[in-house]
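Engineer: Next come a sequence and a model predicted from it.
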Amino acid sequence: MKNREELEKSILSSISGQEMYRHLEWFNGVDRTSGTEGDYRAVDYVVDYLKKHGVHVDVYEFDAYISHPIRASLRLVHPEEREFRCKTRAMSASTVPQGVRAEVVYVPTRHGGVGLLEGVAEDEYSGTDVAGKIVLSERGGPDGIWDAQKHGAIGHIHLWPSDEDVVHEMIASPVWGTPTPETKDRIPTIACVAVKRADGLYLKSLCEKGKVEVILRTETDTRWRKLRLPIATIPGTKEPDKFVLVAGHLDSWYVGITDNATGNACLLELARVFNLHRDSLARSIRIGWWPGHSYGRYAGSTWYADNFFNDIYENCIAYDNIDSPGVKGATDYSSVTAMAEDKAFVEQIVKEITGQKSTGSRPARAGDQSFWGHGVPSLFMLLSNVPKGAAVGGSGGGWWWHSEYDTLDKADIDILVTDTKIHALAVLRLANAEILSFQYKPVADEVIATLAAYEKRAAGRFDFTPAVKAAKEFEARAVEFDAAVAAIPQGSPEKAAIANKTMMKLSRALIPVMYTTTGPFDQDPATPIPSLPGLYRVVELDQHEPESDMYRFLLTRLTRERNRVVRALRDATLLIDEALAALK
């Protein structure tokens, strides 16, 4: 068996740009809309390639609630007549065939972003009547559409925030995966469209001068469709039950070369290369191609998360999410996705491959991040970026994201090779490390900083003392644990096993409270989620009188959420105490 340095060099040198380019040429001719023949052809292509190279692959079939945008139109009828190019959204409601005629009301965006506790704005709709009207807003994600609907709007026009001459496709629903009885009512019941920024600004200027009326037409096809999910497995030789999960979405808007055919090509190349070196892998590697990403809000990864819950919970080391690698002009690696425990690991990998200094950034509630409830550490998602790119959610910031312009010429094979090497090195080290490279002092730092911000915002209205105390106790133990793990000599399998088992348990205890409100067995919506999200409602306290029912209801909710955080921190502290005793 090769030593670590030789193995890493061999795997990285095996990555072929030519092989990946052949995949991109094939994907460039196939529209991979979820649940269509193009989607099925792509699954067949993936499966045939894997089998050709001797990689074991399972294909799962299941029904998912999928929405295809069909057509939309937006016609200004007052104070002048004009047609605007627009696109409706997956999961938008359909209008009657003749459309709906209504007044347009521009609603300024006053939300500062996720987790910004200072100066949280009042309700954007305060003093603005949108009942029976169509809202025009830069806040066009699922949360913005939901707010418009809650306030009685019958339609929503998304004024795009950057200036590219493109109308982007998106999904309007915040429901993560196939809906449940509890979440089905969050699917929009209003018509939603997007327009490019120039047209949206023109409508806004008219709204500022007087009454504006439009006729809005939308049509979507939303129903149950059969999806197919391929999962490749390259078994490890020492701990075959333990695995690194590597995946990206297979479906796309149109041919979607940089979102996400480049990711699909990367995954196929990782499968080919790791299979060549399978006898040198300690743990297993699972590689998945998620369906239902864009049309079912991550239906594929959510189905897998639900139906393989215990296997993932007990055995998944980490999740490497590959979306939009290899984009033309994407030379900036300064900000990459990482959780606190794997931040240093991710930054080191990027530096080794690119020479660039990067900063690991907390993952957003997007992009098939379906395993937070399981407590699985996540690394990467979006990776290389176009410097000063457009205000888009993928394609490395390329203006062509989620549009018919995302074609073969938007990919860069040299950058794709670099990105694939980053993923390959990360996955290899996770699969083969005698001791996993997770650290928990950074986790404690994030918790303490978040609690401090919440405590400041509470301004004495709520007592965070029990959580702060538990966090500081955890921080002290985390420092000891990180140091003890770092001091384990090479060739100490019993101590390495204790460290690795403890790390997995720590992540299972902490990630659900740091990233979810629903906990392990459900999925939060696809809306912005700050750290320790269960406690975020502290920002609502100053909106209510202390003697009011709602104020006291909030205190009850916050008390329960504080208990959840304290329990997780106490459990984590006890886990470390046990590990430190065993490592002596």
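Structural biologist: Yes, it's here.

Engineer: Scan the protein for its longest helix.
Structural biologist: Longest helix in the chain, counting residues (DSSP state H): helix 549-583.

Engineer: Name the residues of it that come out as buried.
Structural biologist: Residues of helix 549-583 classed as buried: 551, 554-555, 558, 561-562, 564-566, 568-573, 575-576, 579-580, 583 (neighbour count, 16 or more other C-beta atoms under 10 Å). (C-beta placed from N, C-alpha, C; glycine too.)

Engineer: Show me what that helix is packed against.
Structural biologist: The helices and strands touching helix 549-583, judged by 3 or more C-beta pairs under 8 Å, 6 or more residues apart in numbering; DSSP states H and E, are helix 465-486, helix 493-515.

Engineer: now what about the shortest one, what contacts it?
Structural biologist: It stands for helix 465-486. By C-beta atoms under 8 Å, 6 or more residues apart in numbering, the residues outside helix 465-486 that reach it are 435, 439-441, 443-445, 447-448, 451-452, 455, 499, 502-503, 535, 562, 565-566, 569-570, 572-573, 576-577, 579-580, 583.

Engineer: need the contact list for the closest residue in space to Ala247 that isn't next to it in sequence.
Structural biologist: Leaving aside its chain neighbours, Ala247 sits nearest to Gly288 (3.6 Å; criterion: C-beta to C-beta, 6 or more residues apart in numbering). Residues near Gly288 by C-beta under 8 Å, 6+ apart: 229-232, 245-248, 267, 300-301, 304.

Engineer: Tell me which helix or strand comes right after the helix or strand where Gly288 lies.
Structural biologist: Here Gly288, judged by DSSP states H and E, is contained in strand 283-290. As assigned by DSSP H and E, the chain's next helix or strand after strand 283-290 is helix 299-307.

Engineer: List the buried residues in that following helix.
Structural biologist: Across helix 299-307, burial judged by 16+ other C-beta under 10 Å covers 299-306.

Engineer: tell me which residues in whatever helix or strand comes next after it are buried?
Structural biologist: Once helix 299-307 ends, the next helix or strand along the chain (criterion: DSSP H and E) is helix 309-315. Buried positions in helix 309-315, judged by neighbour count with 16+ other C-beta under 10 Å: 312-313, 315.

Engineer: Which other helices and strands does helix 309-315 contact?
Structural biologist: Helix 309-315 sits against strand 239-249, with contacts defined as 3+ C-beta pairs under 8 Å, 6+ apart.

Engineer: in its sheet, what does the strand it packs on sit against?
Structural biologist: strand 283-290 (parallel), strand 316-321 (parallel) (DSSP bridges).

Engineer: How far off centre is the first one?
Structural biologist: Meaning strand 283-290. 18 Å (C-alpha atoms, centre = their mean, to the nearest Å).

Engineer: Over to the shortest one?
Structural biologist: With C-alpha atoms, centre = their mean as the basis, the distance from the averaged C-alpha position of strand 316-321 to the chain average is 13 Å.

Engineer: can you give me the angle it makes with helix 493-515?
Structural biologist: Strand 316-321 runs at 50 degrees relative to helix 493-515, counting by axes from the mean of the first three to the mean of the last three C-alpha atoms, to 10 degrees.

Engineer: ok, then the element right after strand 316-321?
Structural biologist: Next helix or strand after strand 316-321 toward the C-terminus (DSSP H and E): strand 335-337.

Engineer: Give me the contacts around the next helix or strand after that next one.
Structural biologist: Of the helices and strands lying after strand 335-337 in sequence (DSSP H and E), the nearest is helix 343-354. Applying C-beta under 8 Å, 6+ apart, the set of residues contacting helix 343-354 from outside is 333, 336-338, 356-360, 379-380, 418, 421-422, 425-426, 429, 437-439, 442.

Engineer: List the residues that contact Pro188.
Structural biologist: Counted by C-beta under 8 Å, 6+ apart, Pro188 has contacts 91-93, 142, 145-146, 149, 156, 172-173.

Engineer: and if we set it to 7 Å?
Structural biologist: Pro188 is in contact with 91-93, 145, 149, 172-173, counting by C-beta atoms under 7 Å, 6 or more residues apart in numbering.

Engineer: three-state assignment of it?
Structural biologist: When classified by DSSP: H, G, I helix; E, B strand; the rest coil, Pro188 comes out as coil.

Engineer: Buried residues in stretch 388-404, which are they?
Structural biologist: Neighbour counts using 16+ other C-beta under 10 Å place 389-390, 392-403 of stretch 388-404 among the buried residues.

Engineer: quick one: which of those is nearest to Gly210?
Structural biologist: Among the buried residues of stretch 388-404, Ala390 lies closest to Gly210 (C-beta to C-beta), at 31.8 Å.

Engineer: isn't the closest one right up against Asp163?
Structural biologist: No. The criterion here is C-beta atoms under 7 Å, and Ala390 misses it with Asp163 at 8.0 Å.

Engineer: Pull the number of nearby residues for Val539.
Structural biologist: By the criterion of other C-beta atoms under 10 Å, Val539 has 17 neighbours.

Engineer: oh, and call the first residue 34 from now on, that's how I've got it
Structural biologist: With 34 as the first residue, the last one maps to Val572.

Engineer: picking that back up, quick one: which of the contacts of Pro221 is the most crowded by neighbours?
Structural biologist: Ala205 (31 neighbours).

Engineer: re earlier: and which of the buried residues of stretch 421-437 is nearest Ser525?
Structural biologist: Of all the buried residues of stretch 421-437, the one with the least separation from Ser525 (C-beta to C-beta) is Gly429, at 41.6 Å.

Engineer: Help me confirm that that closest one is found in a strand?
Structural biologist: No. Remark: Gly429 does not belong to a strand; assigned using three-state DSSP, it is helix.

Engineer: distance of it from Thr295?
Structural biologist: The gap separating Gly429 from Thr295 is 9 Å, by C-beta to C-beta, to the nearest Å.

Engineer: so what's in contact with those two at the same time?
Structural biologist: Both Gly429 and Thr295 are in contact with Ser357, where contact means C-beta under 7 Å, 6+ apart.

Engineer: Not counting sequence-adjacent ones, nearest residue to Tyr98?
Structural biologist: In space, Tyr98 comes closest to Thr211 once its chain neighbours are excluded; the distance is 4.8 Å by C-beta to C-beta, 6+ apart.

Engineer: Hmm, the one you found is touching Gly333, no?
Structural biologist: No. Distance between Thr211 and Gly333: 10.1 Å, which falls outside the contact criterion (C-beta under 7 Å).
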